[in-house]
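Trainee: Based on what follows, work out the 3D shape:
(2 chains)
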Protein chains: 2
Amino acid sequence: MFEQVNKAAPENTVPEYQRTCRLDINNPQHVLYVVGTSLDVSIYRSAPPGSKSFSVKCTSQVNYSFSPPTLETSHHSHIPLDNNTTLLISMDRASEFENDSKLSVRYYNENKNAIGVAVLHLTGVEIFLDVDADRDGIVEENNPNKGSWKWGPDGYGAILLVNCDSESTRSKRPDLLRSRISNMSDLKDMSPMKLRTRGPSHLPEGYKLMMHICLGDSEKIRVFRSISSDKRGNSSTVKNLPLVLGPKVLSQEVPYPGDNAEMDFHVEGLEFPDADFDGLVTINLSLLKPLSDGLPETPIFTDTVIFRVAPWIMTPNTLQPEEVFVCRTTDNHQFLKEIKTLVAKSGFKLMICNPVMNRGDRWIQDEMEFGYIDSPHHRFPVVLDSPRDRELKNFPCKVLLGPDFGYVTREPQSEEVGDLDSFGNLEVSPPVTVNGKNYPLGRIIIGVAFPTAKYGRNMTKVVQDFLWAQRVQKPIALFSDWLVVGHVDEFMTFVPAPDRKGFRLLLASPDAGYKLFRELKNNGHGQARMFDVFPKEKQTTVDELLGNRFLQNQNNYIQSCIDWNRDVLKKELGLDDEDIIELPILFKLDKKHEWRAEALYPDMVNMIVLGKNLGIPKPFGPKVNGRCALEAEMCSLMGGLGLTCTFIDDYYSYHKLHGEVHCGSNVRRKPFDFQWWNMEI
Amino acid sequence: MFEQVNKAAPENTVPEYQRTCRLDINNPQHVLYVVGTSLDVSIYRSAPPGSKSFSVKCTSQVNYSFSPPTLETSHHSHIPLDNNTTLLISMDRASEFENDSKLSVRYYNENKNAIGVAVLHLTGVEIFLDVDADRDGIVEENNPNKGSWKWGPDGYGAILLVNCDSESTRSKRPDLLRSRISNMSDLKDMSPMKLRTRGPSHLPEGYKLMMHICLGDSEKIRVFRSISSDKRGNSSTVKNLPLVLGPKVLSQEVPYPGDNAEMDFHVEGLEFPDADFDGLVTINLSLLKPLSDGLPETPIFTDTVIFRVAPWIMTPNTLQPEEVFVCRTTDNHQFLKEIKTLVAKSGFKLMICNPVMNRGDRWIQDEMEFGYIDSPHHRFPVVLDSPRDRELKNFPCKVLLGPDFGYVTREPQSEEVGDLDSFGNLEVSPPVTVNGKNYPLGRIIIGVAFPTAKYGRNMTKVVQDFLWAQRVQKPIALFSDWLVVGHVDEFMTFVPAPDRKGFRLLLASPDAGYKLFRELKNNGHGQARMFDVFPKEKQTTVDELLGNRFLQNQNNYIQSCIDWNRDVLKKELGLDDEDIIELPILFKLDKKHEWRAEALYPDMVNMIVLGKNLGIPKPFGPKVNGRCALEAEMCSLMGGLGLTCTFIDDYYSYHKLHGEVHCGSNVRRKPFDFQWWNMEI
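Mentor: Below is the predicted model:
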């Protein structure tokens, strides 16, 4: 069958408007005509020998014209025969009965005697395969744009969700992996599609309707047909909805509803856009004309609809939280208590993942990323499960997946999964405009090695492919390989702001750190000590810290790494210097980890952002008049934006284990009000 | 390293314009500056404690400004310190010597006493990676569009050829498969690229230039560096041109030419566009700044160029022939003689493939398709070898491949190769305009099964993928599975015409055949016989033929198959009925081949088109006054277009073996004058 390798192929294969139709003076022809097309008849081809002129006669519902236009004084006049004359036949509406219309061509010899007559018996039908191409949640009739897809507010084209949630709360696999529809409620995850026909109650003998799809697209969707309305529509019958198209089912006959009936279909997405899938799926409905036994039926009319699979969309810190996730471990009682207070104060839901599920893995940020999928008819959150797969690996699928909570993952087949595959290394900016180009859903941010590096850690290709293929949040690759853990959330985050672009980019800055420490020294606090509440820790004084040239050199290097990222972010997010706030954070290099960096004290930029409340790793910095100078600086910087800082002690439970508050938490947020299909791409 | 999965990624990773630069009041900084960028310095970040104002001083070649603009009465005045003030530094041209420019920032306390000074020693360089982005055959300097690619007459972006010819006439594999450049002449198949620099004779210590490419692109090209001009440029040294980038070589240091020198590179394409390769390749040149031993160097400037690999282009019948190919077999002496005469008369070159090479396989049309590749610097023919691979399989590679004659093939890995994979099933239309969309190179035409067919023969996916991926001759899929052999050249061809669109589509037409035979009967020639020169053949009379209802029914079906294709061609090529000529050709169905069709008498549409001379299978039709009525009709139809028909006897040597003149010949034609990159896509 047709291998429609290319998305453009379907349009090649469908004669949408004109169909060549044979006349035969020996046999009256019975023709099924589809309203909206035209029949193209060569008058000359079937003229009997000796024909010099012809005339045309037809019943009232039939229209005809000539191409090129021929002088015709009346319908019954003799028109000279020309070997290029084509008769174009159409009908305005569907027939009530089979063969209720008729057209005949009478041929005359030079003496104007009739020498043959060719008769067409016509049956008109209307056939529409319909979808919600105008994106208002309703399947309109025969939208002229239903066969194409356009981005933007003046765009069109239907939308499909990947059915990646699970209607069953017991079974822990997405609905798309089940062979049958489990529940009536599953139908709302699918896109409605309707077959609408008008015409006689049955098609003429041998004609049939065939729904078909190309090989590549057949792997991406399933189409189910609704059972007719006289049967019960409850959950015991929904399991038996017939599968019309799907993997390995490239074509299937569908019943002709007859009269003015319509037939409902449910289209289910099976795969997200990816490197080898642009997200577009074409479904065809063809009317087939019988020829002879053993010969393939000819498609004489094809209606086509296009769907785009909705992308997976991430939610930046500027969106309102709905649910906060943290892990309970044997050693994080104090941390949990402080998080609980913060979340309660902020008025959001807190979900604690217990030790049985997390098995000691507290890095819930790294295991998964929350996002959502959206369509005009339905929307639900979808968790992207990281290929990291440490002890928390079952959490996204076992706990989160459920009714209206989807699940998707990408795991490399041969490549090893590395540090940079954790989703602390996957963030998203708030909406931005860059040189006039709008990113109303922001841009995804990941961390990798320098493009010029001969060696270096990277995020696995299958995850990068997935992120790029979603298209609506075009990713930015930063340089994070300079860090021991290697995650972008170790040096950057975004917080909401009342002015400018509606947010600030916060960057860790050793220079800002040294500046603060130098000011402390200058103001007579050179003997103030770091970590003075931890008797077992080395309590470095400000003077000692400033006197350590080795540490200063390391931080100069680290500042240049962060500055490289700062330059990329400014350019790719269209930021000005005023959109960036640098936080006083020092790092140190670890010889054991090939001189990669980690924070010297709790890394304040690795915070949780809950509306106007920030949960910040408590830095335990040197105190001035009893108050931590780092906290004071942080409060001053954030206070200017109307944000409240809550400093959370994560020192032993997270910081000493190479993570902080952000690494140890996760937030599900409200989706954007902006609908992704209204983007200009 | 960066996995630049997406073509858009490179731009993400390169801070093209602004680079954040640190000031340090304790250490003068040595900064390498690239002309055209700007250094972005935070005045505040490195201010010593107690700073209240600052002043800036610089040498004559240095320019600076503030962002946001600051009131500054003179260069030496005291400017109040603001924590958002950024100093933007640039230079107009390259330095003559290292550190020949300087800028200093002096900080003052509230008493306007200087309390610190930060010094930048500046060295300016100019660095351009240059290509022929304006497509005039010359590598211009720093074309502003060199980093992007645009189709059309106002387009830009450099072009790359796949080095698929063979400089060596002995070795029979394309140059791209050799590990070294075999010959100086091979360089003209590659695209020139230049590294141009201005500045001191050496880069400051530790700085280096690195050329790099992403993993996906690295498989598609090789970059060789020219040896410096003081060495001999002859063929004994060309083999030693160093490989800079290529498969498994993702980055490589390149020498800094120094002063105003330039360095030549040669870029070689290794792969044609295909399903997984859009044809675009990005090459980056980065300037790396040293940090410390064991730490990766930071890229501080990147210049980027983009190439598009030239597509493989087919040549329609309307282009002038250059060389005609036929096979000599033990039984085709007469055919060869007639072909020789026709080709000689037309004034073209004839190449006869001898029996040692063809081993009895006469279907040279099916084994290969001629095309070419084109760029502003070079152009040559390229044969696409069919996966068919019968006895002629070595011909394209062993005979055709050579200097400036390229070779490409696509063979399926697991799928079987079938009838529809022969290149009699691969044709191309003349240039057309369809609903305002121009196809100045025509459109490729292939034959497959109906899209609605449950079973059917197809052209193998790898060849279809290849054809679609070339983009400039967007393919049309016809229905050819109704034929025993299954090739589009059995029912259609194109001939040049002096009027209208410059060509006519010729279609086999059973209806036109029956019309002609009925007229013969009507004019008293009912007893005229087919094949009357062949005593051993059944010599059917016109009456017998018209009386065979079974044959008539078969031909009605066949006409409807051809009409389906006619409708698709009209729509996809934007044809009117007047652009189509129907040739009187009857078919019959073969029960042994699942009722598929073959021509009843030599299939006149399967012709060779040599300018205004057509070599047509001699139909041996019924004679009227000693002249074959089919030939007479053909001459009449073609004569109207100024074309001359030569009827070639292929009856026993080709027709009875299920092929005709076109199947048994092939034509290499002149490339289009139109350059593919000027297409609007």
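Trainee: how far away is the residue lying closest to residue A:319 once chain neighbours are set aside from residue A:166?
Mentor: Closest residue in space to residue A:319, ignoring its immediate chain neighbours: residue A:669 at 4.1 Å, by C-beta to C-beta, 6 or more residues apart in numbering or on different chains. Just so you know, the C-beta spots here come from the backbone N, C-alpha and C atoms, and that holds for glycine as well. Going from residue A:669 to residue A:166 by C-beta to C-beta, to the nearest Å gives 22 Å.
Trainee: The two: which has the busier surroundings?
Mentor: Remark: of residue A:669 and residue A:166, residue A:166 carries more neighbours, 27 against 22, as counted by other C-beta atoms under 10 Å in any protein chain shown.
Trainee: Find me the pLDDT at the nearest residue to that one once chain neighbours are set aside, would you?
Mentor: Distances taken as C-beta to C-beta, 6+ apart put residue A:401 closest to residue A:166, at 5.2 Å, once the chain neighbours are dropped. Looking at residue A:401, its pLDDT is 96.
Trainee: Roughly how far does residue A:401 sit from residue A:389?
Mentor: 16 Å.
Trainee: Those two: who's more crowded?
Mentor: residue A:401 (25 against 14).
Trainee: correct me, but that one touches residue A:383?
Mentor: Yes - Residue A:401 lies in contact with residue A:383 (C-beta atoms under 8 Å); the separation is 7.5 Å.
Trainee: Find residues that contact each of those two.
Mentor: residue A:407 (C-beta atoms under 8 Å, 6 or more residues apart in numbering or on different chains).
Trainee: quick one, what contacts residue A:628?
Mentor: A:618, A:619, A:620, A:621, A:622, A:647.
Trainee: Distance of the third one relative to residue A:650?
Mentor: Summarising the geometry, the distance separating residue A:620 from residue A:650, computed by C-beta to C-beta, is 10 Å.
Trainee: sorry, back to before: the residue nearest to residue A:319 pairs with what?
Mentor: residue A:321 (DSSP bridges).
Trainee: what's the closest of the contacts of residue A:628 to residue A:124?
Mentor: residue A:647 (76.6 Å; C-beta to C-beta).
Trainee: before we move on, the earlier item: OK, contacts around the residue nearest to residue A:166?
Mentor: Residue A:401 neighbours (C-beta under 8 Å, 6+ apart): A:165, A:166, A:172, A:173, A:174, A:383, A:407.
Trainee: Would you report the backbone torsion angles of it?
Mentor: phi -50, psi 130 (degrees, to the nearest 10).
Trainee: Then residue A:620?
Mentor: phi 50, psi 50.
Trainee: Which of the contacts of residue A:628 fall in strands?
Mentor: residue A:647 (DSSP state E).
Trainee: can you tell me which two in the contacts of residue A:628 are farthest apart?
Mentor: A:622 and A:647 (14.7 Å).
Trainee: Is chain B within reach of the helix or strand containing residue A:544?
Mentor: Using DSSP states H and E, residue A:544 falls within helix A:542-547. No - using C-beta under 8 Å from any C-beta of the partner chain, helix A:542-547 never reaches chain B; the gap is at least 10.8 Å.
Trainee: Going by neighbour count, list what's buried in the following helix or strand past that helix.
Mentor: Toward the C-terminus, helix A:542-547 is succeeded by helix A:549-573 as the next helix or strand (DSSP H and E). Within helix A:549-573, the residues that count as buried by 16 or more other C-beta atoms under 10 Å in any protein chain shown are A:551-552, A:554-573.
Trainee: is it true that residue A:114 touches residue A:108?
Mentor: Yes - look at residue A:114 against residue A:108 with C-beta under 8 Å: they come within range, at 5.7 Å.
Trainee: Looking at these two, which has the bigger crowd around it?
Mentor: residue A:108 (21 against 12).
Trainee: phi, psi of the spatially closest residue to residue A:385 that is not a sequence neighbour?
Mentor: Distances taken as C-beta to C-beta, 6+ apart place residue A:409 nearest to residue A:385, at 3.8 Å, with adjacent residues excluded. For residue A:409, the backbone dihedrals are phi -150, psi 160 (criterion: degrees, to the nearest 10).
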